[in-house]
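[1] coordinates only, sequence not included:
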Ligand code: BES
Ligand code: MN
Ligand code: ZN
């Protein structure tokens, strides 16, 4: 789908969309078209008892006096309270109402709106962003439609007409890159594990060199040299060998600008290993690389919009399988940091992967902060469901910034505590620590484990087990893999570090 920003001149072809205020008030353009159609628009609003509620839609098909296929009247709710994320949802709903119709082109006409809380050019750009995200589909494994029945129900061009269209187009440019990053993350999460092995994931990261990222891939031999035995132990039962990918974006103008680091859990499939998971729902574990997908999508977004920061993304890619060579419960491994780990449950594998990835990141890059994302625990779903991701941090400033970026981007986080008492729960009798806590506070003990691998570096861990996959349908996402985290972290960087 092509997205354009044009002068606010209503076309005579395809679909037209107008925004209607809370009191049912039409802007000047809509009022003019209403006249042209002999009052069809206002009659349609009356008959459907339209109140202008946000995202409510009235459709007038084949309006008289005009060549348009249809005119949509879309409520925008209280304009004085309209936020950027509201605008995104509005764009998503408009796409949804048009995407399944026979109209191939559509133009959203944005009148000057009195009292609007955000500039109209931002309204236009954010609506376009929302439409882009809503339009995402993972259809690569669906047979194409039959030749004699071409798929005519596809919007090919969506334009936004507003007075400050040049400004709107400019605002949309970076958003388009962020949308690409989100869709890349969604693709990675949706991809089944027989195709997306650690090697294939790394290959897709390598391709990002095309947009200016510097990409390094460590294979098992190199990881063995760096003593990453915690990560390697998880992958040792799989026929698909492990990888670690390092993606760098150097966009800061300042020579001694700080390095921002992002680390992702990339378990391309999690069977649980010898501590095998039950069969029901195990297919979802193809998404156990949602943290790594978000980091990859974020790095792509930063490169795409040429962000003025230095950032590094590190993802640990492994497959957790039961096998004659697989790691056993009771095994002890020495992590890259030198700390030893007694593995009591091979299904608590994400923290083992992250331990070494975090150690490497802190040692090699001495970052300003490190934020890791991981589909780490089922317990975070019990605590927070699918609306908020769990946030853990050793740094109040970083936690506050992430919380605020979450509110602004719509990808929300909720902070949970860390405490010495929880930390004690992972002490082991035979090694420095064990990889499971007790029955309670499973998300917190997992976070305590990670904290032991970051030293004094300001760090935050975001548990995305509830938000990265099996996502509820929303105005801007209909995909199983949501791409959660890309918009959150892009927002953190744009607002606080550029
Ligand atoms: N990948 C899972 C966590 C998960 C569960 C993600 C559900 C998404 C949806 C993780 O590796 C895991 O198995 N965690 C265990 C930890 C336990 C063994 C301490 C869990 O949550 O049960
Ligand atoms: Mn697991
Ligand atoms: Zn896992």
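    Nice, thanks for sending it over. Since this is a predicted model, take the numbers as computed values, not measurements. Ligands and ions are numbered 1, 2, ... in the order given.

[2] Can you show me the helices along the stretch 301-450 of the chain?
    Taking DSSP state H, counting those that start in this stretch, the helices of the stretch 301-450 of the chain run over residues 350-365, 379-384, 396-409, 420-424, 442-451.

[3] Can you add mean neighbour count, distance to ligand 2 and mean pLDDT and give those helices back as a markdown table?
    Heads up, the C-betas are built off the backbone N, CA and C, glycines and all. Shown next, in a markdown table, are the helices of the stretch 301-450 of the chain (neighbours: other C-beta atoms under 10 Å; distance: least, C-beta to the ion, whole Å; pLDDT from 0 to 100):
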| stretch | mean neighbour count | distance to ligand 2 | mean pLDDT |
| --- | --- | --- | --- |
| helix 350-365 | 25 | 6 | 99 |
| helix 379-384 | 19 | 12 | 98 |
| helix 396-409 | 17 | 25 | 98 |
| helix 420-424 | 14 | 20 | 98 |
| helix 442-451 | 24 | 10 | 99 |
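
[4] Quick one: those as JSON lines, columns for distance to residue 177 too.
    Formatted as JSON lines, the helices of the stretch 301-450 of the chain follow (distance: least, C-beta to C-beta, whole Å):
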{"stretch": "helix 350-365", "distance to residue 177": "23"}
{"stretch": "helix 379-384", "distance to residue 177": "29"}
{"stretch": "helix 396-409", "distance to residue 177": "15"}
{"stretch": "helix 420-424", "distance to residue 177": "39"}
{"stretch": "helix 442-451", "distance to residue 177": "30"}
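
[5] Nearest to residue 168, out of those helices?
    Closest to residue 168 of the helices of the stretch 301-450 of the chain is helix 396-409 (C-beta to C-beta; 19.6 Å).

[6] Which one of the helices of the stretch 301-450 of the chain lies nearest to ligand 3?
    The closest of these to ligand 3 is helix 350-365. By C-beta to the ion, the value is 4.5 Å.

[7] Smallest gap between the stretch 201-350 of the chain and ligand 3, at which residue?
    Taking C-beta to the ion, ligand 3 has its nearest neighbour within the stretch 201-350 of the chain at residue 270, 3.7 Å off.

[8] biggest helix in this structure, by residue count?
    Longest helix in the chain, counting residues (DSSP state H): helix 165-190.

[9] picking that back up, could you point out which of the helices of the stretch 301-450 of the chain sits nearest residue 125?
    helix 396-409 (14.7 Å).

[10] Residue 268 belongs to a strand?
    Yes - remark: residue 268 belongs to a strand, assigned using DSSP: H, G, I helix; E, B strand; the rest coil.

[11] Please name the residues that touch it.
    Each residue near residue 268 by C-beta atoms under 8 Å, 6 or more residues apart in numbering is listed here: 193, 196, 197, 198, 201, 240, 286, 288, 289, 317, 318, 319.

[12] hmm, who's touching stretch 8-15?
    Applying C-beta under 8 Å, 6+ apart, the contact partners of stretch 8-15 are 16, 29, 33, 66-72, 98, 101, 103-107, 109-111, 157, 161-163, 165.

[13] what do you get for stretch 83-91?
    Residues outside stretch 83-91 that contact it (C-beta under 8 Å, 6+ apart): 19, 54-55, 74, 76-77, 117-118, 122-123, 126-134, 408-410, 474-476.

[14] now the strand or helix carrying residue 489: how far from the chain's centre is it?
    Taking DSSP states H and E as the definition, residue 489 sits inside helix 486-496. Distance of helix 486-496 from the chain centroid (C-alpha atoms, centre = their mean, to the nearest Å) equals 11 Å.

[15] Helix, strand, or coil at the closest residue to residue 42 other than its chain neighbours?
    Spatially, and ignoring its direct neighbours in sequence, residue 42 is nearest to residue 34 (5.5 Å; C-beta to C-beta, 6 or more residues apart in numbering). Look at residue 34: counting by three-state DSSP, its state is helix.

[16] Pretty sure the residue of the stretch 201-350 of the chain closest to ligand 3 sits against residue 288.
    Yes - if you go by C-beta atoms under 8 Å, residue 270 and residue 288 touch, sitting 4.1 Å apart.

[17] between those two, what contacts are shared?
    Residues touching both residue 270 and residue 288 (C-beta under 8 Å, 6+ apart): 320, 350.

[18] For the residue in the stretch 201-350 of the chain positioned nearest to ligand 2, which non-adjacent residue is spatially closest?
    Ligand 2 sits closest to residue 347 of the stretch 201-350 of the chain, with a gap of 3.9 Å, by C-beta to the ion. Setting aside the residues directly before and after it, residue 347 is nearest to residue 272 in space (C-beta to C-beta, 6+ apart), at 3.7 Å.

[19] next one: residue 50
    residue 58 (5.2 Å).

[20] could you measure that neighbour against residue 108, distance?
    Separation of residue 58 from residue 108 (C-beta to C-beta, to the nearest Å): 15 Å.

[21] who's more crowded, the two?
    residue 108 (27 against 19; other C-beta atoms under 10 Å).

[22] mind checking the SS state of that one?
    When classified by three-state DSSP, residue 108 comes out as strand.

[23] where does it sit relative to ligand 1, distance-wise?
    Distance, residue 108 to ligand 1, using C-beta to the nearest ligand atom, to the nearest Å: 37 Å.

[24] per-residue confidence at that residue?
    On the pLDDT scale, residue 108 is placed at 98.

[25] now residue 16: how far from residue 260?
    Using C-beta to C-beta, residue 16 is found at 44 Å from residue 260.

[26] ugh, typo on my part, it should be residue 37
    Taking C-beta to C-beta, one finds residue 37 at 53 Å from residue 260.

[27] How about residue 77?
    Plainly put, residue 77 is 36 Å away from residue 260 if you go by C-beta to C-beta.

[28] quick one: which of those two has more around it?
    Shown here are residue 77 and residue 260; by other C-beta under 10 Å, residue 260 has more neighbours (25 against 18).

[29] sec struct for that one, please.
    Following three-state DSSP, we place residue 260 in the strand state.
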